[in-house]
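1. Test case, fold it:
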Amino acid sequence: MLHRVEGIVIRSMDYGEGNAIITLCTENAGKVGVLVRGAKKVRSRHAALIQLFTVGEFVFFRNNGGLGTLNSGEITQSHHPLREDLIKAAYASYACELLDRVLHDEETGSFWFRQLTACLNALEEDKEPGVIINIFEMKLLQAAGYAPELDACVICGSQKPDDQLLISPRLGGVLCRSCKHQDPPALAISPRALKLLRLFAALDLTRLGNVDVKEGTRLELKKIMRSFMDVQLGLRLKSQNFLDQLDKYEI
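-> As a prediction, the model looks like this:
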């Protein structure tokens, strides 16, 4: 059966001699794997279609599910500037790999197509990459059923002033000081960082404006969100390892 979808290339891998398999996050067909024959060969008309972050219309044959075979395609947005910039490419790769690993095929669709589109566009527009990715991570945690509790203590349910709260990635949310013994390694969190986490939880990436976050708060948010991702999802991503390496060289 012939299928026509709008999709974003979130994974691309070599297959055999000169071929490639791409994974698409599509607008209406979930997550789809497509074989692109001859894509790696010199002068292939499909070479540009297999590049990460490429947005386009893909026409492929597929019978009874499984892997499709590309018939034709047309690029609508190449995101070439993302691939040219090491930092942007690293964050964009992380977003794509995270989406690919966390969500099942049937869970990807219009919402995630829009969120990833907004994420890639924001990275290309030079918005703060750490903030963009933190919001994207929050959306993934929510979709996976691990949304953090940010308004009341996860143990006793009390609502304390923000300056009297800690945050526990292991327990899944904020912790009042009276319950700190339930998780002694719980992290300190500033009222400003907590307010931003609540904003991230409520925010849709498609409506993201310019969020001005001081460097100290960005680092705090990065540490907290990384802890949540590690503890709640336990993924080991190649793109995350690369981001960690980049951190060692950032000023």
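2. pLDDT weak spots in this protein?
-> Counting by pLDDT under 70, the chain contains low-confidence residues at 106-107, 249-251.
3. So which residue is dead centre in it?
-> Nearest to the mean C-alpha position of the chain, by C-alpha atoms, centre = their mean, lies Ala95 at 2.9 Å.
4. That one: what's it in contact with?
-> The neighbours of Ala95, taking C-beta atoms under 8 Å, 6 or more residues apart in numbering as the test, are Leu116, Cys119, Leu120, Leu123, Ile133, Phe136. Bear in mind the C-beta positions are built from the backbone N, C-alpha and C, glycine included.
5. now do Gly38
-> Per C-beta under 8 Å, 6+ apart, neighbours of Gly38: Gly18, Asn19, Ser44, His46.
6. Quick check on the first one: phi, psi?
-> Phi and psi for Gly18, reported as degrees, to the nearest 10, are phi 90, psi 0.
7. what about it, how many neighbours?
-> Counted with other C-beta atoms under 10 Å, the neighbours of Gly18 add up to 14.
8. wait, it sits on Val42?
-> No. Contact criterion C-beta atoms under 8 Å: Gly18 and Val42 do not qualify, at 9.2 Å.
9. and the longest helix for this protein?
-> Secondary structure of the chain per DSSP state H: the longest helix is helix 86-102.
10. all strands for the stretch 1-150 of the chain, in order.
-> 2-15, 19-26, 31-36, 55-61, 68-77 (DSSP state E, counting those that start in this stretch).
11. Show me what the third one is packed up against.
-> This points to strand 31-36. strand 2-15, strand 19-26, strand 55-61, strand 68-77 (3 or more C-beta pairs under 8 Å, 6 or more residues apart in numbering; DSSP states H and E).
12. partners of the second one, with directions?
-> Same thing as strand 19-26. strand 2-15 (antiparallel), strand 31-36 (antiparallel) (DSSP bridges).
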